[in-house]
Structure formats: structure tokens, C-alpha cells
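**Student:** Pasting the sequence and the predicted model now:
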Amino acid sequence: SISSGRKKNLKLAECDKDDNNQLWKMDGKGRIVARKEFGGIKVCWHPRFIVKGSTIKLRKCKKTRKQVFSDKTTTGGSTAAAPIHPLLDKKLCVAYATDSPSVGDKVKLKSCSGGSGQGWTFSGGGILPK
């Protein structure tokens, strides 16, 4: 699953159902929000820039379209792996950097190809790579 503290790069981590830093939800505004607040602050996924290669960071949730994502993993009752796109550019996908995920890999925006590293599922409160 994906884990990180506030204002840090999002990285892949060993799944731990007891680690609150790994619990995420997509809110009604399309933001991916940590289920646990950090110091009373809601934290959201936040791409540094909406360009290929930009890292995903954790930032305070704001009213910015930069923090809005689109996915097909939570719609229509499906739990199948699917890409997560920034709303501002549907040609980009949230992906891990390498063909085979490793603990510590940064999560970035990449051109969507349907390839490995671009499929995600929401499972048990976490987000898991395909």
C-alpha cells in the first residue's frame, strides 16, 4: 500500500492494516484523503505539477483542482484494478517508477499506457498496486 507523512513524497510501503498512515479514501470531491488527520489537518494527494514525472506529495487538502483525481476502481461496485488520473490531465496516470514495485518507490505521474505500475485498487481502506 502507499504510505507517507504530511508534506512528503508518496512511497510504496509494506502493507500493514494497523498502520493508519496507509488508510485512504476518495472523498465526494474526487480527492484522495488520508483517513487519519495529521495534527487536526486533512491531508490529500497533491502532484507537485501536472506533468509527466511529477511526484505525488501529501499536502493539506485545499479547494484546488490539482488535488482532484478520477478513477474507475470505486465506481459501479467494481474493485478491479484501474488507473487513477489527475482530473486536469486524463493522459497521465498515477504510477510507481519501476516495472516491479519495491518498498520505498516514489509514486509519480506517468503517461498512461495501461502497463504495469498504473493499476490500483481500493482495498481494506488502503490503495494497492495492481
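**Tutor:** Nice, I can see it. Numbering: from 1, shown residues only.
**Student:** got the contact list for Met26?
**Tutor:** Applying CB atoms under 8 Å, 6 or more residues apart in numbering to Met26 gives the contacts Ile32, Val33, Phe69, Asp71, Thr74, Phe122. In short, each C-beta sits where N, CA and C put it, glycine included.
**Student:** Now do the phi/psi pair for the last one.
**Tutor:** Meaning Phe122. Backbone torsions for Phe122, taken as degrees, to the nearest 10, come to phi -90, psi 120.
**Student:** Wait, it touches Trp24, no?
**Tutor:** Yes - with contact defined as CB atoms under 8 Å, Phe122 counts as touching Trp24 (7.5 Å).
**Student:** Verify the stated contact: Ala95 with Gln118.
**Tutor:** Yes - using CB under 8 Å, Ala95 is in contact with Gln118, at 4.7 Å.
**Student:** Those two - which one has more neighbours?
**Tutor:** Comparing Ala95 with Gln118 by other CB atoms under 10 Å, the one with more neighbours is Ala95, at 27 against 22.
**Student:** hey, what's the more buried one bridged with?
**Tutor:** Using DSSP bridges, the bridge partners assigned to Ala95 are Lys108.
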